[in-house]
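next input, structure requested:
(chains A and B)
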Amino acid sequence: MERHLISLLRCPLRTCQFKQIHSLIITNCPSLVPVLLRALLGSSLIGYARKVFDKIPQPGHVLYNSLISSYTKLSLHKEAVRAFVLMHGGNVRLSCFTPPSVIKSCSSLLADDVGKQLHCLVVNYGLDSNVYVQTSLMDFYSKIGDLGSARKVFDGILVKDPVTYNSLISGYSRAREVVAARELFDSMTDKTVVSWNAMISCYANNGEFHEGLKIFERMLDSKCSPNEFTVVTLLSICAKLGDLEMGLRVKKYIDDNCLRVNKIVSTAILEMYVKCGAVDEARQEFDRMDDKDIVAWSAMIAGYAQNGRAIEALELFECMRSEHMKPNDVTLVSVSSACAQLASVEVSERIGLYIEGLDLVSNPYVASALLTMYSKCGSVSKARQLFSKLTRKDLACWNSMIGGLAVNGFAEDAIDHYEKMKEAGVEPDDITFVELLIGCTHAGLVELGLELFERMKSEHGLTPKIEHCSCIVDLYCRSGRLKEAYDFISRMEEKPNAVIWGTLLAAARTHTNIELAKTSVEKLLEQEPENAGNYVQFSNINASMGKWREASKVRNLMKCKSIQKPAAYSWIEMEDKVHKFLVGDTSHPATDEVYSIVDTLTVQSTWTVCDLESHLEFG
DNA sequence: ATAGGGTTAG
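Residues are numbered from 1 along each chain as shown, chains lettered A, B, ... in the order given. All right, here's what the predicted structure looks like:
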């Protein structure tokens, strides 16, 4: 009977079968309760196991170990710590098998105090020379960001295996201590594939992408073969660099070496294509995947949204819903951002209603994307309503709201929110000030804008970026204060860029300040010799000054450099179709009708200089 | 011990 039950407990069993065996054990051979307990723990039936455990009169350290390590494995970290407290309070002997699990749970809980107490306990019991205990302690300190203590434990380990090193390397990586990670990595004599991967991802996660690639090259030179983890990290580096060429090399490596392409690898390939702007290739990869989980859908929808292909993003979202796939917060962020691009009140409000109904606005990413969506299509009141409902408002939420108000002409309201944001204890950042300055520009509040620019530096210790300077130039320009704009540019610490000269140029032209326009366009040509638009501007300005020879020189210059002005289409969206037109275009099916209306419009309006210029042809 | 998707501006 007893032997029979033991062998039964070795088989995979359902709960009801466990119950039958359980009753047999209670009535026939109670000594088998610990065997039953371990079988239950092995089947992850932790609740049932705990009930059995609680019936055991005085469980010893071995049973406690089994219980605690199961809690840890199932990520029930608080339970693991509670069970340990129970064990310790019951004066059960402590073996070196228990602390690693509890300490691991403390790492996951980021429970600094409990973990440190455990360390003391371990030292008092003389268990701190056990390598498993040491490794878990080192891991604990590295997870809570105390790398100094982690290092002390590490140095105290007499026989270190690669796992010990790898763990500390990833600890340094998380703590952004890249140099320390590299030193440790270099000191390793027997690097495993995990060591190489950890070092590459250390560089990747700390923004040193090219260093990461260099480690990969060295890995290839050594005899260590890259695995799936390696290529995923490499692909994410290529994505961040926008380096399609390298991305394709990694893809080729995967194919040539027949690496297993799991979901994560395919998504990483997809993402690499997306971030390199190769959206159609990304879609091909997406279509090839037979098991699409939600991450792949979200990545593909984001791919369309981030590459300005809002309609396709929304189409794929519809397709996803028709396949009964449940969207999550990440999906909805991209969907909102696609709607924001469409700037259609109807679509935005429909999607907004849907998303708000899902109760996901507690996620700040979703909230800020929605706020932007409403603002972009002018539904400021919807944005305000949503904002007032938000309980968790992070920096991006405040910025979205401030930006929404600013761009829709409510500059004072935006500033009001900036004050409220500070009261709420959220520190404004450079984006906040870009938004505020834009608000002042739109409302023509020059002095207020300049004041904010000063406060940004003095009150918040932020260094103005080129974007802020650009806003100030715009602020002066729109109020016609060209001289001050020019003086500001001359005083700027950073080198003025094309956006700034472009702003000044536009203003100089509307205020017919030909000299300033000429200066600006010359600077523009210096900075962007490949931009055909600048040559057109240069020529037009010279023409308007009567300098025809200068003007015509440009055409030859463009021919020499083989620069072509890209076709500038006008387009309009009607119902769900986009109609686009080029100058002199007669390809539209309703051309006759279109031109007859254009003719009447032309008669109605008076030609302006700008209109005429836009009809000049070059190249 | 190492791996994949997202928000705010210009």
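
and the stretch 251-400 of chain A, which of its residues are near DNA strand B?
A:262-265, A:267-268, A:271, A:293-296, A:298-299, A:302, A:305-306, A:328-331, A:333-334, A:337, A:340, A:363-366, A:368-369, A:372, A:394-397, A:399-400 (C-beta under 7 Å from any atom of the strand). No exception for glycine: its C-beta is placed from N, CA and C like everyone else's.

any of those buried? List them.
Burial of those was assessed by neighbour count (16 or more other C-beta atoms under 10 Å); the buried members are A:264-265, A:267-268, A:271, A:295-296, A:298-299, A:302, A:305-306, A:328-331, A:333-334, A:337, A:340, A:363-366, A:368-369, A:372, A:395-397, A:399-400.

ok, how many other residues are close to the residue of the stretch 501-619 of chain A found nearest DNA strand B?
Proximity to DNA strand B, evaluated over the stretch 501-619 of chain A using C-beta to the nearest atom of the strand, is greatest for A:T503 at 8.2 Å. Burial measure for A:T503: 23 neighbouring residues, criterion other C-beta atoms under 10 Å.

any idea how far it is from A:T441?
The spacing between A:T503 and A:T441, counted by C-beta to C-beta, to the nearest Å, is 10 Å.

give the residues shared as contacts by those two.
Shared contacts of A:T503 and A:T441, defined by C-beta atoms under 8 Å, 6 or more residues apart in numbering, are found at A:D474.

the residue of the stretch 501-619 of chain A closest to DNA strand B and A:S470 touch, don't they?
Yes. A:T503 lies in contact with A:S470 (C-beta atoms under 8 Å); the separation is 6.6 Å.

looking at chain A, which helix or strand does the model trust least?
Between all helices and strands in chain A, the lowest mean by mean pLDDT, DSSP states H and E belongs to helix A:609-614, at a mean of 36.

quick one, strands of chain A?
Counting by DSSP state E, the segments of chain A that form strands are A:570-574, A:577-581.

rank those by pLDDT, which is bottom?
Least confident of the strands of chain A, judged by mean pLDDT, is strand A:570-574 with a mean of 60.

follow-up on the earlier one: OK, contacts around the residue of the stretch 501-619 of chain A closest to DNA strand B?
By C-beta under 8 Å, 6+ apart, the residues touching A:T503 are A:470, A:473-474, A:477, A:485.

what's the separation between A:N227 and A:N257?
9 Å.

compare these two (neighbour count), which wins?
Higher neighbour count among A:N227 and A:N257: A:N227, with 15 against 11, using other C-beta under 10 Å.

please name the nearest non-neighbouring residue to that one.
Ranked by C-beta to C-beta, 6 or more residues apart in numbering and with sequence neighbours excluded, the top spatial neighbour of A:N227 is A:V193, at 5.5 Å.

state the distance from the one you found to A:I200.
Here A:V193 is placed at a distance of 11 Å from A:I200 (C-beta to C-beta).

now swap in A:K420 and tell me
From A:K420 across to A:I200, the span is 44 Å (C-beta to C-beta).

spit out the contact partners of the closest residue to A:T98 other than its chain neighbours.
Setting aside the residues directly before and after it, A:T98 is nearest to A:N65 in space (C-beta to C-beta, 6+ apart), at 5.2 Å. With contacts taken as C-beta under 8 Å, 6+ apart, A:N65 has the following neighbours: A:95, A:97-98, A:101.

repeat that for A:K55.
The contact partners of A:K55, taken as C-beta under 8 Å, 6+ apart, are A:V33.

okay, it: pLDDT?
At A:K55, the pLDDT recorded in the model is 94.

what is the neighbour count of the residue nearest to A:N130 when sequence neighbours are not counted?
Of all residues beyond its chain neighbours, the one nearest A:N130 is A:C96 (4.2 Å), with distances taken as C-beta to C-beta, 6+ apart. By the other C-beta under 10 Å criterion, the neighbourhood of A:C96 contains 17 residues.

surely A:C96 meets A:D128?
No. With contact defined as C-beta under 8 Å, A:C96 does not reach A:D128; the gap is 9.5 Å.

how near is A:S43 to DNA strand B?
Using C-beta to the nearest atom of the strand, to the nearest Å, we find A:S43 at a distance of 22 Å from DNA strand B.

ok, that residue to A:S105 distance?
Relative to A:S105, A:S43 is positioned 21 Å away (criterion: C-beta to C-beta).

report pLDDT for the spatially closest residue to A:A424 that is not a sequence neighbour.
Counting by C-beta to C-beta, 6+ apart, A:K393 is the residue found nearest to A:A424 once chain neighbours are left out, at 7.0 Å. According to the per-residue confidence, A:K393 scores 93 in pLDDT.

mind giving me the domain split of chain A?
Each domain of chain A is listed here as a residue range: A:465-566, A:570-614, per automatic domain parsing.

out of these, deepest packed?
Highest mean neighbour count of these: domain A:465-566, a mean of 17 (counted as mean count of other C-beta atoms under 10 Å).

picking up where we left off before, contacts only, for the residue nearest to A:N227.
With C-beta under 8 Å, 6+ apart as the criterion, the residues that contact A:V193 are A:224-227, A:229-230.

how about those in CSV, adding distance to A:F538 and pLDDT?
What follows is the contacts of A:V193, written out as CSV (distance: C-beta to C-beta, whole Å; pLDDT from 0 to 100):
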residue, distance to A:F538, pLDDT
A:C224, 56, 94
A:S225, 57, 96
A:P226, 51, 97
A:N227, 55, 97
A:F229, 53, 98
A:T230, 50, 98
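
most neighbours among the residues you listed, which one?
The most crowded member of the contacts of A:V193, judged by other C-beta under 10 Å, is A:T230 (24 neighbours).

isn't that residue up against A:W196?
Yes. The criterion here is C-beta under 8 Å, and A:T230 meets it with A:W196 at 6.8 Å.

overlap of the contact sets of those two?
Common neighbours of A:T230 and A:W196 are listed as A:216, A:219 (criterion: C-beta under 8 Å, 6+ apart).

what does A:C224 show for phi and psi?
Backbone dihedrals for A:C224, given as degrees, to the nearest 10, come out at phi -90, psi 130.

my read: it touches A:W196, true?
Yes. The pair formed by A:C224 and A:W196 meets the contact definition of C-beta under 8 Å, at 5.6 Å.

run through the residues that contact A:I21.
A:5, A:8-9, A:13, A:36.

tally of neighbours for A:S362?
The number of residues packed near A:S362 is 11, by other C-beta under 10 Å.

surely it is in contact with A:T391?
Yes. In this structure, A:S362 is within contact of A:T391 by C-beta under 8 Å, at 6.8 Å.

list the contacts of A:G156.
Applying C-beta under 8 Å, 6+ apart as the definition, the contact partners of A:G156 turn out to be A:128, A:134.

skipping adjacent residues, who's closest to A:F387 in space?
If you skip the residues right next to it in sequence, A:F387 has A:M401 as its closest partner in space, 4.9 Å away by C-beta to C-beta, 6+ apart.
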